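1. build me a model:
(chains A and B)
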Number of protein chains: 2
Amino acid sequence: MAVIVQKYGGTSVGSLERIQNVARRIAKTFDQGNNVVVILSAMSGVTDNLIHMAEKITEFPDKRELDVLLATGEQTTVALMAITLKSMGYKAVSLLGYQAEILTDSKSTKARILDIKATRIMELIKEKTIVIVAGFQGADEKGDITTLGRGGSDTSAVAVAAAIKADSCEIYTDVDGVYTADPNICKRARKLKYVNYEEMLEMASLGAKVLQIRSVEFGMKYNVPIHVRTSFNEEEGTMVVNDDVNMEQLVVSGVTHNKNQARITLRKVPDRPGIASKILSPIAEAGLIVDMIIQNTRQGNMTDLTFTVEKKDYKPALEIAKKTGKEINAEEVVGDENIAKVSVVGVGMRSHYGVAAKMFETLAAENINILLISTSEIRISCIIDEKYTELAVQALHTAFGLDNI
Amino acid sequence: MAVIVQKYGGTSVGSLERIQNVARRIAKTFDQGNNVVVILSAMSGVTDNLIHMAEKITEFPDKRELDVLLATGEQTTVALMAITLKSMGYKAVSLLGYQAEILTDSKSTKARILDIKATRIMELIKEKTIVIVAGFQGADEKGDITTLGRGGSDTSAVAVAAAIKADSCEIYTDVDGVYTADPNICKRARKLKYVNYEEMLEMASLGAKVLQIRSVEFGMKYNVPIHVRTSFNEEEGTMVVNDDVNMEQLVVSGVTHNKNQARITLRKVPDRPGIASKILSPIAEAGLIVDMIIQNTRQGNMTDLTFTVEKKDYKPALEIAKKTGKEINAEEVVGDENIAKVSVVGVGMRSHYGVAAKMFETLAAENINILLISTSEIRISCIIDEKYTELAVQALHTAFGLDNI
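-> Presented below is the predicted three-dimensional model:
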C-alpha cells in the first residue's frame, strides 16, 4: 500500500464547498487503496487578514505572538476537513504542528524545520486513518508555536513526506504545473512534464511562485519526488525530480522574468579592498536585500559598482548609497527603477556550450540592450529595460526551442 | 507581591479597541506591584460562528475536531492581547491550554480539568512576565485539544488560580456582580457584596448566568475567593467566598427565576416500585434533561407523577411520556409550557425556620397558585404560572427584606 502525501493550498480550501471537493479527492485516493496524509494551508485570505489585524494594534507585532495568531488559520482548515471526512464516513484525525512533532528552531515567523518524529502520523496510518496535518506551523523545543514563512505549507508537506518515506508528495496549487515561461506573457509557454530540483530552485528564486524554495531544498535533500498539480481538474502536473530522471533532454527548461527590480550604480569609486563591503553593509543593516552585485574595473584605480534591489527598497537604498557615495568620493550615484531581470534556466547548460552567446544574440537581434549580466551553473540572467520584458521572454522561448516541446 | 488572576469574557475582548482597554487594566494591576495571570475567552460571537460553520458541513460534527476548531477562538484573543501588551512595553507571553499544562479528561466539548501543573506559568511569573492563558481549552493525556463547555473560561480561571495559589481571582463579565434578583424584572434588586459558594451554585443552576457552575465548585473545593465584576468600570463587584466570611447575615440572599420550564404530569399511574424509573428512563435515553420530579400519593394504590424539562425539550418529552403512559395505563398525560420556576436562595435558611411558610404566604397574598414545590438545604423553588413571574419575584424580594440591604 502506497503512502501518498497531498498538500492543498489556500485557494483549494477557500470555502466550505471547496473543502468538500478536496475531501472527495482525498477519499478517492484513499479508496484506491492508498494511505493518505494531507497537509493544508489556511483558507485563502485568512493569513493576510490576521496579519492585518495584528498590524492594526502595532506596526511591529511581537513575532512569537504573531505565530500563535497565524497558526489559527491552518488549525481551522484541518478541523473543518476532518469534520468533513468523518461526516462522509472516513476515519480522519487532524494534527497541529506540535502534535505531528514538527520540531523547528525558535525563529518566529520564519522558523526552519529541524526534525519530524511523526510517530503519531505513523500510528494513525497503521490504523488506516486519514491524517490531516496543519501546514505552515511547527513547534520549538519549548513547545512554542512557530510558523515557516510564506508558502511554508509546501515545506511542511515535503518534510512530512520525507519523514514518513512517502511514495509521492502531491502539491495542489493555483497553477496546474511548472511552465517553460509565464503563460500570461508568453502564449507559447508549455507545461513541463519533469523539472529538476535545481532548476526548480533557480526558477523559484527568480520569482516563479509555484513552490516555496525550502520545500524544493527538502525534496532534493531527501529525494522526495514532488508532483505539482491543481485540484481543479484531474490532469497530471509537473514532477520535480532528480537529474537522472529528467527525460526531456532540454538545454534550457524555462525562461523566467522578474519585474520587481531596481538598479543602483556608484560611478568611479576607489578600487581598493573592502570597498564593496563599505557600500553594501549599510544597505544590509537597513534590512534591504541586495540581489545582484556587479563590479567592473575601469580607468586606473577606479571602478563602478552596481547592485539591484527590489523595487520597494529602491528609495531607501538609493538614499543610503548616496550617503556612502559622498563618504568615499564616488563621482556620482545613479539609479533606475525601470528594469527587469530575464533569465534562462536549465541543467542541460552544464554540458552545452554557447547558451550565453545564444541568449545575448537573441536579445541583440531584438535590439534589447543588456545592462547587467549574472550567471550560475544552470542559469544566465540579464537585466534589461523593463519595457522589453515580454519581447525578451518570447524571443528567448522560441530561440531555445521551447515553443514545441 | 500578590498574584492576581483576571478572567475577561467575550464581551470584554469583543474588539481590538476593547482588547486595548483590557490591556490597560491589566497593565495597571501589574504596575501596582502585582503578578498578573490573565485568562481570556474568545471574542463575543466567535465561538457561535465556528459552531455554525461546522454545522453547515454536518448536523453532528465530530467532537474531537470541533474542539480543535473552537480552540482557535481563544488562541486568537490571547495572541492579540500579548501583542497589545508587548506593544505597550510590558513583558507578556500567551499560553494555550496544553502549554499551560491544563490536563483534562478526553470528553471532547465538555472535558473536565484533572490537573494543572502550571510550571511554565510559575516560571513566567518569576520573570515578572504577564501570562495570558487561553480559557475554555485544555489537552488530554495524548495532547489532543479539549474544550470545557459553555462558560468554561470561568473554570479555567478558577482552576489556574487554585493551581498557582493566587491571592485572588477576578472574573470580569457582562454584569457588574451578583444581584439579589434580576434587575431587569425587579427594580429594587441590589448588588450583593458577598455571596457564599453554595448560594452561588444554587443561583447558577437556577439560571443566573453569572458564573459557570464548575468554576464555583472549583472555588469552593480549593477555597479560591472569586471576585465577579465588570471591565467597563472600576466598581467593586461581588465576592464569592466561604460561609464564615459572609458578613451580611441575610436569611435569603437572592430571588431567582427561570422561565425556561415546562411541566408534564402522568395522572393515576400505579404506585409501585420502579414506576418513576419506567417513566423517566426513556426520557433520559432520548438525551432530555429532567429538572424537578414530584410524586404524590393519591387514592388507593394510584399516584400522580410530575416532572419538568426545558421548554425546548417539551414536545419530544411529552411524546415519550404519552407512549409510556399508555404502556402503564396512566389515566391521562398532560403538560403545560406556560410555567416558570421562582426560587429563594440563602445559606441563612439553615438556621432560620419559617422561610418556606413565608414564601408560600407571600405568593398566596398575591393570589399566585403554586403548582409544584421542591427544596434543597438552602433553596426553596416553586413552579407557578409563567405570567406571574415578575410579580412573584418582586413580592418575594420585598418580603425577604432584600429591597434595602
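
2. only C-alpha atoms for contact and neighbour calcs from this point on.
-> Will do.

3. below-threshold pLDDT in the stretch 101-250 of chain A: ranges please.
-> Applying pLDDT under 70 to the stretch 101-250 of chain A flags residues A:206-208, A:244-248.

4. pick out the residue of it closest to chain B.
-> The minimum distance from the stretch 101-250 of chain A to chain B, using Cα to the nearest Cα, falls at residue A:143 (7.0 Å).

5. wait, what's in contact with that residue?
-> Each residue near residue A:143 by Cα atoms under 8 Å, 6 or more residues apart in numbering or on different chains is listed here: A:98, B:99.

6. got the phi/psi numbers for it?
-> Reported as degrees, to the nearest 10, the phi and psi values for residue A:143 are phi 90, psi 10.

7. what's the helix or strand for residue A:251?
-> Per DSSP states H and E: residue A:251 is located in neither a helix nor a strand.

8. what confidence value was assigned to it?
-> Note on residue A:251: pLDDT of 87.

9. do the same with the one 3 residues further on
-> Reading off the per-residue confidence, residue A:254 sits at a pLDDT of 93.

10. excluding chain neighbours, what is closest to it?
-> Of all residues beyond its chain neighbours, the one nearest residue A:254 is residue A:180 (4.1 Å), with distances taken as Cα to Cα, 6 or more residues apart in numbering or on different chains.

11. can you check residue A:96 too?
-> Nearest to residue A:96 is residue A:134, by Cα to Cα, 6+ apart, at 5.0 Å.

12. right, and that neighbour touches residue A:95 too?
-> Yes. If you go by Cα atoms under 8 Å, residue A:134 and residue A:95 touch, sitting 6.3 Å apart.

13. can you show me the strands along the stretch 1-150 of chain A?
-> When assigned using DSSP state E, counting those that start in this stretch, the strands of the stretch 1-150 of chain A occupy the ranges A:3-8, A:35-40, A:92-95, A:102-104, A:113-116, A:130-134, A:137-139, A:145-147.

14. tabulate the ones you listed in CSV, adding columns for mean neighbour count.
-> Output for the strands of the stretch 1-150 of chain A, formatted as CSV (neighbours: other Cα atoms under 10 Å in any protein chain shown):
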stretch, mean neighbour count
strand A:3-8, 24
strand A:35-40, 27
strand A:92-95, 24
strand A:102-104, 26
strand A:113-116, 17
strand A:130-134, 28
strand A:137-139, 30
strand A:145-147, 31
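
15. residues from chain A in reach of chain B?
-> Residues of chain A lying close to chain B (Cα under 8 Å from any Cα of the partner chain) are A:16, A:54, A:57-58, A:61-62, A:65-66, A:68-69, A:72, A:75-76, A:79-80, A:82-84, A:86-87, A:93-94, A:99, A:143-144.

16. who touches both of residue A:134 and residue A:95?
-> Joint contacts of residue A:134 and residue A:95 (Cα under 8 Å, 6+ apart) are residue A:78.

17. ramachandran coordinates for the residue of the stretch 251-400 of chain A found nearest chain B?
-> Nearest to chain B in the stretch 251-400 of chain A, going by Cα to the nearest Cα, is residue A:287, at a distance of 21.1 Å. Torsion angles at residue A:287 (phi, psi; degrees, to the nearest 10) stand at phi 80, psi 20.

18. one more: residue A:10?
-> Torsion angles, degrees, to the nearest 10, at residue A:10: phi -60, psi -40.

19. same deal with residue A:185?
-> The phi/psi pair for residue A:185 (degrees, to the nearest 10) reads phi -120, psi -10.

20. make sure residue A:337 is indeed in a helix.
-> No. Assigned with DSSP: H, G, I helix; E, B strand; the rest coil, residue A:337 falls outside any helix and is strand.

21. residue contacts, it?
-> A:261-263, A:311, A:314.

22. residue contacts, residue A:236?
-> Taking Cα under 8 Å, 6+ apart, we find residue A:236 in contact with A:176, A:229.

23. check which helix or strand it maps to.
-> Going by DSSP H and E, residue A:236 is not in any helix or strand.

24. quick check: bridge partners of the closest residue to residue A:95 other than its chain neighbours?
-> In space, and not counting its chain neighbours, residue A:95 is closest to residue A:133: 4.8 Å by Cα to Cα, 6+ apart. The bridge-partner assignment for residue A:133, based on DSSP bridges, gives residue A:39, residue A:95.

25. pretty sure residue A:133 sits against residue A:36.
-> No. The pair residue A:133 and residue A:36 does not pass the contact test of Cα under 8 Å, sitting 10.8 Å apart.

26. ranges for the helices of the stretch 151-300 of chain A?
-> A:152-163, A:197-205, A:213-222, A:275-285 (DSSP state H, counting those that start in this stretch).
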